[in-house]
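**Student:** Generate coordinates for the sequence data below:
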Amino acid sequence: MSACRTSSERGSLLDMSLQRNTTDGWRQKSLIPKKDQPQFLSRLSELKESGYPLDQAIEFLLLPYRKTPETPKKIHDSLLSGDSLSDVMKTLGFPQFVCMHLFFAEEYGDLTKTLKETADLMKMKQREEKRLISILQYPFFLMLMFSFILIVMNHYLLPRMKSLYSAVGSNESAALKAAASIFTAMPQIILFSTCLIVLLLVSLYFILRRLSAHSRWSFLASLPVAGFYVKSFHSYVFSREASSMLKSGLSFYQMLESFISQPYRPLYQEIGQFMMDELKRGQNVYHTMLLLPFFTDELSNVTRHGELNGSLEREWGFYSTFCLSDLESKTNTAFSFIQPVLFTFLGLAVIGAYLIILLPVFQLMQTI
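**Tutor:** Numbering: from 1, shown residues only. Sure, this is the predicted structure:
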């Protein structure tokens, strides 16, 4: 019976095997830390290129991460028993898009090349995440400082100013009244805005979870800023995988069947089924792509050009390369824009706070 198991069934059995070891401390959320995953894939590619069998290469690379002496052996045995590399990577805690890349590479592509390319993609993703965190660190510090100023103003400076005006028998200036109103209301405004944003995000999360993958990503692709990254990423993934499968000799329908059969990304199952249904109805590939809102317009144009020239697989391959470089370039541009805008906004807020403090003092000195 084991010889008849599907890839997903074998993967489930491997997951169950690992789950049984939870009490022994064997299984965690991810056996390989997220920061080490690109390096793991890159080294696996190098070992495979050097002639190492896949099971031995993985067993060797897992040695630094083992929780018990059985860890590498269990993965080794699972590969020998017929589990796919994508199943093993899913069990080790790799992202779903990585598992899908490896699933297609095992079936139709160059696994060594795919391991290296996927490692590079993960490195780029982690690099951009680190850059975003570093960009937001200083503005976050300024926000804390601004919050501290608000607290000091509300609980110390403004009450003292009011007492000082009363002591000298002078009426409060319009500036002081405005400052008191602004600084008294601002903490409540910030708190309300924060709670509202969190509530909206949580509600959106649960609403999106109830939608199909197609509806969920269609909505995300329609958002003003996030939509660009959603469309670019899915256009890259689809064009890359479709091009590789067509170049390996699969027919267009076989390529779509492969998307439908992969167990890792429901969206691409729905894309494959949708495109197959449309093509059977007589639509061409270009008009079918136009109906998918999470692909870029450029991918549709490339599809039309490739379809007319009979070189669809080659042009999709070129486009996937250009799409990835364009995505990285646009991300760099966005990061270079975000930080100055945040600094300008917070800088003006801090300067405004100091002016509101000092102006009433100068006015009071003139009345004494």
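
**Student:** contacts and neighbour counts: CA atoms only from here.
**Tutor:** Noted.

**Student:** The most centrally placed residue in the chain: which element?
**Tutor:** Geometric centre of the chain, nearest residue: Lys125, 7.7 Å, by CA atoms, centre = their mean. Element membership of Lys125, judged by DSSP states H and E, is helix 111-152.

**Student:** That helix: how far from the chain's middle?
**Tutor:** 11 Å (CA atoms, centre = their mean, to the nearest Å).

**Student:** Show me what it packs onto, helices and strands only.
**Tutor:** For helix 111-152, the helices and strands in contact under the criterion 3 or more CA pairs under 8 Å, 6 or more residues apart in numbering; DSSP states H and E are helix 37-49, helix 96-108, helix 174-210, helix 312-367.

**Student:** residue ranges with poor pLDDT in the stretch 251-368 of the chain?
**Tutor:** Counting by pLDDT under 70, the ranges of the stretch 251-368 of the chain that qualify are 349, 352-353, 355-368.

**Student:** got a list of what Gln96 touches?
**Tutor:** Gln96 makes contact with 90, 264-265, according to CA atoms under 8 Å, 6 or more residues apart in numbering.

**Student:** redo that, cut-off 7 Å
**Tutor:** By CA atoms under 7 Å, 6 or more residues apart in numbering, the residues touching Gln96 are 264-265.

**Student:** what's the burial count for the closest residue to Ser45 other than its chain neighbours?
**Tutor:** The shortest distance from Ser45 to any non-neighbouring residue, by CA to CA, 6 or more residues apart in numbering, is to Thr112 (5.0 Å). As a burial measure, Thr112 scores 19 neighbours (other CA atoms under 10 Å).

**Student:** next one: Ser329
**Tutor:** By the criterion of other CA under 10 Å, Ser329 has 11 neighbours.

**Student:** now the one 4 residues further on
**Tutor:** A count of neighbours around Thr333, defined by other CA under 10 Å, yields 11.

**Student:** what does the one 4 residues further on give?
**Tutor:** Summarising burial for Phe337: neighbours were counted as other CA under 10 Å, giving 11.

**Student:** which parts of stretch 102-110 are buried?
**Tutor:** With burial defined by 16 or more other CA atoms under 10 Å, the residues of stretch 102-110 counted as buried are 102-106, 108-109.

**Student:** right, and out of those residues, which lies closest to Ala242?
**Tutor:** Comparing those against Ala242 with CA to CA picks out Phe104 as the nearest, at 9.4 Å.

**Student:** element containing the residue nearest to the closest one when sequence neighbours are not counted, please.
**Tutor:** Spatial nearest neighbour of Phe104, excluding adjacent residues (CA to CA, 6+ apart): Glu241 at 7.2 Å. If you go by DSSP H and E, Glu241 is part of helix 226-247.

**Student:** who's in contact with that helix?
**Tutor:** 108-109, 220-221, 252, 255, 294-296, 299, 313-314, 316-317, 320, 323-324, 327.

**Student:** could you flag which of those residues are buried?
**Tutor:** Among the contacts of helix 226-247, those buried by neighbour count (16+ other CA under 10 Å) are 108-109, 220-221, 255, 294-296, 299, 313, 316-317, 320, 323-324, 327.

**Student:** List just the nearest of those residues to Leu62.
**Tutor:** The closest of these, once distances to Leu62 are taken by CA to CA, is Gly109, at 24.6 Å.

**Student:** contacting residues around the closest one?
**Tutor:** By CA under 7 Å, 6+ apart, Gly109 lies in contact with 244-245, 248.

**Student:** if we can go back for a sec, quick one: the residue nearest to the centre of the chain and Gln254, what's the gap?
**Tutor:** In this view, Lys125 and Gln254 are 31 Å apart by CA to CA, to the nearest Å.

**Student:** Ok, Met153 next?
**Tutor:** Taking CA to CA as the measure, Met153 falls 68 Å from Gln254.

**Student:** Same drill for those two, tell me which one is more crowded.
**Tutor:** A direct count of neighbours by other CA under 10 Å for Met153 and Gln254 places Met153 higher, at 21 against 14.

**Student:** Distance of the more buried one relative to Pro159?
**Tutor:** With distances taken as CA to CA, Met153 is found 8 Å from Pro159.

**Student:** what do you get for Val350?
**Tutor:** Using CA to CA, Val350 is found at 20 Å from Pro159.

**Student:** more crowded one of these two?
**Tutor:** Each of Val350 and Pro159 has its neighbours counted (other CA under 10 Å); Val350 has more, 19 against 13.

**Student:** List the contacts of the more buried one.
**Tutor:** With contact set as CA under 7 Å, 6+ apart, Val350 has these partners: Phe146.

**Student:** before we move on, what about Thr288?
**Tutor:** Contacts of Thr288 by CA under 7 Å, 6+ apart are 275, 278.

**Student:** gap between the helix or strand hosting it and the chain center?
**Tutor:** For Thr288, the host element (DSSP H and E) is helix 285-290. Relative to its chain's centre, helix 285-290 lies at 27 Å (CA atoms, centre = their mean).

**Student:** What lies in contact with stretch 101-108?
**Tutor:** 86, 111, 114, 245, 248.

**Student:** Next, the contact list for Gln39, please.
**Tutor:** Applying CA under 7 Å, 6+ apart, the residues near Gln39 are Ala119.

**Student:** Pull up the gap between it and Met122, please.
**Tutor:** 9 Å.
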